[in-house]
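*Asks:* what's the 3D shape of this:
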Amino acid sequence: MSTKHIMPSDEELTAFIDGELGPEDTARIEALIGTDEAVAERLEFLARADLPYREAFAPLLDAAPQAKLEFMLSAIPVPQPARPAVFASRRGFLGALAASLVVGIAVDRAVIGLGTRLSGRDENGEWRAVVAEYISLYTPETLAGPVPSAEVQATQLARLDTTLGLQLSPEQVALPDVDFKRAQILQYDGKPLAQIAYLDPETGPMALCIVASGAGPKAPDIEGRKGMNVVYWSSATHAFMLIGHAPVDRMTEIADAVRSKISV
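*Replies:* Numbers count the residues shown, from 1 in each chain. Next up, the predicted model:
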């Protein structure tokens, strides 16, 4: 059976982005990028996702039974080491890839088509999609542990002010019946992204995420992503999203409480 138009897996596309595929598979993926819009769009999405997954799950990794895991892994044949990434970043890789495809009609379709999609994309929707992918990996155990003191919360929130101009206090970001767990700066598409993580005793992980945005004020709206509910809105200078597993009416209520206390 021909696999010419079968969507490659995310693992395969990620390996392609990182320069870890062999010549035959690389050529196959390059051909698909030029002929299949869905493949090109998925590749672009994966290339833009630059969030520190390892950092987010460091507490779980530290608590893992390392000796037992190493013993189990020792029985598995060692794969060939992956080649170092050739490009400084995944975005840089895509730029170099586009340049390398300047050959005939296939090039016109790949380069011009990809450029059109990039310029016409809903950038605000895209960052929410990346955050949803990231938050979908969270479990209650990811955010287990005591609630930080008000002093620790204030220190973490101060970093958001330094990076994104967000003058937030623990009182402003406190959510009703939901525990504050941490505030940190992540990165999306080379730009800072503020994440305030919470643990809802009833529904699990929840997060308030903020990025700088010049798109202007926008009233709250609701969408579903990765099995979670998202309430999103924007001010004159920032875009916000509240994401979690709580029902829509409760998410809306919590978002309204946040909006009434935060004005940036």
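
*Asks:* quick one: contacts for residue 197?
*Replies:* By CB atoms under 8 Å, 6 or more residues apart in numbering, the contact set of residue 197 is 138, 143, 181-184, 205-207. To be clear about C-beta, it is placed using only N, CA and C from the backbone, and glycine gets the same treatment.

*Asks:* in the stretch 151-264 of the chain, which spans are helices?
*Replies:* In the stretch 151-264 of the chain, helices defined by DSSP state H, counting those that start in this stretch lie at 170-173, 248-261, listed in chain order.

*Asks:* mind checking which of those helices is nearest residue 238?
*Replies:* With distances scored as CB to CB, the stretch of the helices of the stretch 151-264 of the chain nearest to residue 238 is helix 248-261 (11.7 Å).

*Asks:* for that closest one, which positions count as buried?
*Replies:* For helix 248-261, burial by neighbour count (16 or more other CB atoms under 10 Å) applies to 250-252, 254-255, 258-259.

*Asks:* farthest-apart pair in these, please.
*Replies:* For the buried residues of helix 248-261, with distances taken as CB to CB, the pair at the greatest spread is 250 and 259 (15.0 Å).

*Asks:* do you know which of the helices of the stretch 151-264 of the chain lies nearest residue 127?
*Replies:* By CB to CB (comparing all of these), the closest turns out to be helix 248-261, at 17.0 Å.

*Asks:* what about the stretch 51-200 of the chain, any weak spots by pLDDT?
*Replies:* 51-124 (pLDDT under 70).

*Asks:* from residue 146, how far off is residue 174?
*Replies:* Between residue 174 and residue 146 the distance, using CB to CB, to the nearest Å, works out to 16 Å.

*Asks:* what is the neighbour count of the nearest residue to residue 147 once chain neighbours are set aside?
*Replies:* In this structure, residue 147 finds its nearest non-sequential neighbour in residue 179, 5.0 Å apart by CB to CB, 6 or more residues apart in numbering. One way to gauge burial is a neighbour count; for residue 179, by other CB atoms under 10 Å, it gives 17.
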